[in-house]
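Asks: Need coordinates for the below:
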Amino acid sequence: MSLFDPRDAHFWIALALIVFLAGLWRAKVPGMVAKALDDAGARVQAQLDEAARLRHEAQTLLDQIRLQHQATEAAAAEMMKTAQADAERLRAEAQIALEVDLRRRRALAERRIATAETQAASYVRSAAADLAADISEAILVARILGAESDPLVDAGIRTMAARLS
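Replies: A predicted model of the protein is given here:
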């Protein structure tokens, strides 16, 4: 059993393998396989490079978003602080305006009450004077009709005449 014995099947298998490999080499199959492997490796490398580039872009965007988020948080905190200060200032202004308005309304009410008291006193005086005049007239009419003279009424009339003249 020798590999170089043409009567042995191994010889023919080895010869067929050598002829087959020579045919593949002559058809430049190893170069095509190497080229196909190189192309596949280049595609994989391009995909890896693209993935790395996309990862870098994503990281950059994430950093920008984080910075924007921090800036937005700071702006929101500042707005909240300003709004609270404005609300406190407006509350204080409203309190002062309310106190001023209450004082003004109180003074107006006191003036109205004083005016009403004055009018009421004037009305009472006027009503008392009218009543006294009516009573005096009734007394005078009764006395004139009765033709009697009352010394007190006569004295009062003289006093009134003296004051009026």
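Asks: Please count neighbours and contacts with C-alpha atoms only from this point.
Replies: Noted.
Asks: what about Pro6, which helix or strand?
Replies: Assigned by DSSP states H and E, Pro6 falls within no helix or strand.
Asks: Could you tell me which residues make contact with it?
Replies: Listed by C-alpha atoms under 8 Å, 6 or more residues apart in numbering, the contact set of Pro6 reads Trp12.
Asks: For it, give me phi and psi.
Replies: For Pro6, the backbone dihedrals (degrees, to the nearest 10) come out as phi -70, psi -10.
Asks: how close does Arg105 sit to Gly23?
Replies: Here the criterion is C-alpha to C-alpha, to the nearest Å. By it, Arg105 lies 117 Å from Gly23.
Asks: Off-centre distance for the helix or strand that contains Asp101?
Replies: Following DSSP H and E, one finds Asp101 within helix 29-146. Relative to its chain's centre, helix 29-146 lies at 8 Å (C-alpha atoms, centre = their mean, to the nearest Å).
Asks: What is the subsequent helix or strand relative to it?
Replies: Next element after helix 29-146 (DSSP H and E): helix 151-164.
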